[in-house]
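Peer 1: pasting the sequence and the predicted coordinates here, then a few questions.
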Amino acid sequence: MPKVSREHIEKRKSEILEAALTVFSRKGFEPTTMRDIVEESGMSRGGVYQYFSSPEEMLEAIHERNIHRTADFVRELLSQNETVWGALEDYLAEISGESRYAMVIYEYSMTSWRNERHRRFMNNVVRGSFQAFEALLQQGVDNGEFRPTQSLDAIVSFLINVGDGLSFQASILGNEAAHVQEQVEGLKIYLRTVLQVREEPRI
């Protein structure tokens, strides 16, 4: 029996997850079935079940992948800017508001109060985003660019909560009605104030 390469396995997993994401974005999390995803993927039922046993498992894999991508994106922004504040401004400029995916994750997370698996997953995996932003802000503190008046954990929580809330609201009302750009500007004012951003960081 020929040995299947790691690259082939990862490619198949990625294809299945992209199919799952398409269905989730179209139908939502709860109504999606394995049959829906199998049909969307164009693979056999056994081919899909070989890698994932449920839509829940697929959504968790998608979200975990996106958390890693967020951490990579934050590091990339830092490498492209001379200051941490510059990297943070670039990140804020990327907040677009409307997101079907954000609604799917919201649907999943809303059951966390009664679903231990969902609660544990959201607590453990989402922490990756917190850690990436905490590391970013800590670098600003270390180089003398920031003098925060609140804990970094509280600041990052506020940053992520506002971003998530904007995506949720904009997905229902639309970016214009949700005043996404104005709210992002308000978030920027908060961050500049609470971080006490220095215009010229000390090296």
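Peer 2: Yep, it's here.
Peer 1: S167 contacts V104, doesn't it?
Peer 2: No. The criterion here is C-beta atoms under 8 Å, and S167 misses it with V104 at 10.9 Å. (Glycine included, C-beta is placed from N, CA and C.)
Peer 1: next secondary structure after the lengthiest helix in the chain?
Peer 2: Longest helix in the chain by number of residues (criterion: DSSP state H): helix 55-80. Counting by DSSP states H and E, the element after helix 55-80 in chain order, helix or strand, is helix 84-93.
Peer 1: in that following helix, what counts as buried?
Peer 2: Going by neighbour count (16 or more other C-beta atoms under 10 Å), the buried part of helix 84-93 is V84, W85, A87, L88, E89, D90, Y91, L92.
Peer 1: can you check stretch 24-31 too?
Peer 2: Burial within stretch 24-31, assessed by neighbour count using 16+ other C-beta under 10 Å, is assigned to F24, F29.
Peer 1: what comes into contact with it?
Peer 2: Contacts of stretch 24-31 from elsewhere in the structure, counted by C-beta atoms under 8 Å, 6 or more residues apart in numbering, are T32, D36, P55, L59, I62, R100, Y101, M103, V104, E107, Y108.
Peer 1: span of that stretch from start to end?
Peer 2: Start and end residues of stretch 24-31 are separated by 8 Å (C-alpha to C-alpha, to the nearest Å).
Peer 1: sorry, back to before: any of the contacts of stretch 24-31 buried? List them.
Peer 2: Judged by neighbour count, with 16+ other C-beta under 10 Å as the criterion, the buried members of the contacts of stretch 24-31 are T32, D36, P55, L59, I62, Y101, M103, V104, Y108.
Peer 1: surely the third one and V38 touch.
Peer 2: By that I understand P55. No. Proximity of P55 to V38 does not meet the contact threshold set by C-beta under 8 Å, at 10.7 Å.
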